[in-house]
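1. What follows is a protein structure lacking sequence information:
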Ligand SMILES: C[S@@+](CC[C@H](N)C(=O)[O-])C[C@H]1O[C@@H](n2cnc3c(N)ncnc32)[C@H](O)[C@@H]1O
C-alpha cells in the first residue's frame, strides 16, 4: 500500500482517540469496582479491603521519599505549584499538599476524580481536574514548578506517553522540575490458553464478546529510556538524575528528574 499522508494521519489520530477512550473506560470500571486497590494493588487489599487511613499514609510516605530524592539533587526545591499527573483518588496529591502551596491533580477517570474530591482535606490548595484528553491543554504554558507522576504513565498506552511528556515540558516553568516514574522494559507478551467451545454458534458468540467487551484489566506499558531522554531533550529539558524505581513488578523501571531550560 502506498503512503497517503491524509489517510495515514487520520488513521493515527483515530487510533489515538480509540486508545484514550479505551484507557478511560478501563479505569472508570476499575474505579467503580475497587478504587483503592486499583490505585495500589496490594493483593491483601483486593475487594475493597484497604483501610483508608493506611492507604493515604502510603501516599504521604511515597511523597516524602520522592521529595527527599529530588531535594538531594536540587536543594532549593521551589514549593509553589505542583501537578500530580494521573492522581487517582488523590493519594499522592494529599501528601504533596504538605510540601507545596498549590496542587493540581489530573486524571482520566471520572469516578477517581469524584473520590479525590471527597477525600480532599485541603480544598483551598488542592484542585482536581478531569482530563480525558491526550494533552494538558487545560493548563497554560510555563505553569508549574514541579510536574510529578508516579505509577500512572505505566498504565497509559505507549503510543500516548510521548505526547504527555511533551506536555510536561510545555506546562513546566523555565527552571522548573519534572519528576516521573516509568518502566523502560516492555511487558513480555502473554499467550493465554484458550478453550474453543464446540459449536460454531458458540464460537461466533465468544468471538463477538471478546472483541466488544472492555474488561477492567490494567495494562503495564513502557517507553525505552533512550526515547524518554530524546523526547525531553527536544523540548529544552535537561536530565538531572535517572534512578531505578521499583514500582512495576519485575519490569525495569526508573524515576526521571529533569529541569526545564530558561529559554526556548
Ligand atoms: C495506579 S493509579 C495511580 C494513582 C496515583 N498516581 C497514586 O499513586 O496514588 C493510575 C491512575 O492513572 C490514571 N490514568 C490512566 N491513564 C491516564 C491518562 N491518560 N491521563 C490521566 N490519568 C490517567 C488512572 O485513571 C488511575 O487513576
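-> Arrived safely, thanks for sending. The model shown is predicted, which means the values in this text are computed figures rather than measured ones. Numbering: from 1, shown residues only.

2. Can you give me the buried ones in the strand or helix carrying residue 164?
-> Here residue 164, judged by DSSP states H and E, is contained in helix 161-171. Neighbour counts over helix 161-171 (16 or more other C-beta atoms under 10 Å) mark 161-171 as buried. C-beta coordinates here come from the backbone N, C-alpha and C atoms, glycine included.

3. Between these, which sits nearest the ligand?
-> residue 164 (6.9 Å; C-beta to the nearest ligand atom).

4. quick one: contacts for that closest one?
-> 85, 134-136, 153, 156 (C-beta atoms under 8 Å, 6 or more residues apart in numbering).

5. same thing but 10 Å
-> Residue 164 sits next to 85-86, 134-136, 147, 149, 152-153, 156, 180, 231 when contact means C-beta atoms under 10 Å, 6 or more residues apart in numbering.

6. pretty sure residue 154 contacts residue 220?
-> Yes. If you go by C-beta atoms under 10 Å, residue 154 and residue 220 touch, sitting 5.8 Å apart.

7. ok so, going back, a markdown table for the buried residues of helix 161-171, including distance to the ligand and pLDDT?
-> Below are the buried residues of helix 161-171 laid out as a markdown table (distance: C-beta to the nearest ligand atom, whole Å; pLDDT from 0 to 100):
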| residue | distance to the ligand | pLDDT |
| --- | --- | --- |
| 161 | 9 | 97 |
| 162 | 12 | 97 |
| 163 | 9 | 97 |
| 164 | 7 | 98 |
| 165 | 12 | 98 |
| 166 | 14 | 98 |
| 167 | 10 | 98 |
| 168 | 12 | 98 |
| 169 | 16 | 98 |
| 170 | 15 | 98 |
| 171 | 13 | 98 |
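
8. could the residues you listed be laid out in a markdown table, adding distance to residue 47?
-> Conversion of the buried residues of helix 161-171 to a markdown table gives the following (distance: C-beta to C-beta, whole Å):
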| residue | distance to residue 47 |
| --- | --- |
| 161 | 31 |
| 162 | 36 |
| 163 | 35 |
| 164 | 31 |
| 165 | 35 |
| 166 | 39 |
| 167 | 36 |
| 168 | 35 |
| 169 | 40 |
| 170 | 40 |
| 171 | 37 |
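
9. Nearest to residue 185 among those residues?
-> Nearest to residue 185 among these: residue 161, at 14.1 Å, using C-beta to C-beta.

10. How about the closest one: what's its closest non-neighbour residue?
-> Nearest residue to residue 161, sequence neighbours excluded (C-beta to C-beta, 6 or more residues apart in numbering): residue 223, at 5.0 Å.

11. Quick check on the one you found: phi, psi?
-> Backbone torsions of residue 223, given as degrees, to the nearest 10, read phi -150, psi 130.

12. possible to save the contacts of residue 164 as a markdown table with secondary structure?
-> Shown next, in a markdown table, are these (DSSP: H, G, I helix; E, B strand; the rest coil):
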| residue | secondary structure |
| --- | --- |
| 85 | strand |
| 86 | coil |
| 134 | coil |
| 135 | coil |
| 136 | coil |
| 147 | strand |
| 149 | strand |
| 152 | coil |
| 153 | helix |
| 156 | coil |
| 180 | strand |
| 231 | helix |
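
13. contacts with the ligand among those residues, please.
-> The subset of the contacts of residue 164 within reach of the ligand, by C-beta under 6 Å from any ligand atom, is 86, 152, 156.

14. Take the residues you listed and write them to a markdown table, including neighbour count.
-> Below are these laid out as a markdown table (neighbours: other C-beta atoms under 10 Å):
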| residue | neighbour count |
| --- | --- |
| 86 | 25 |
| 152 | 23 |
| 156 | 24 |
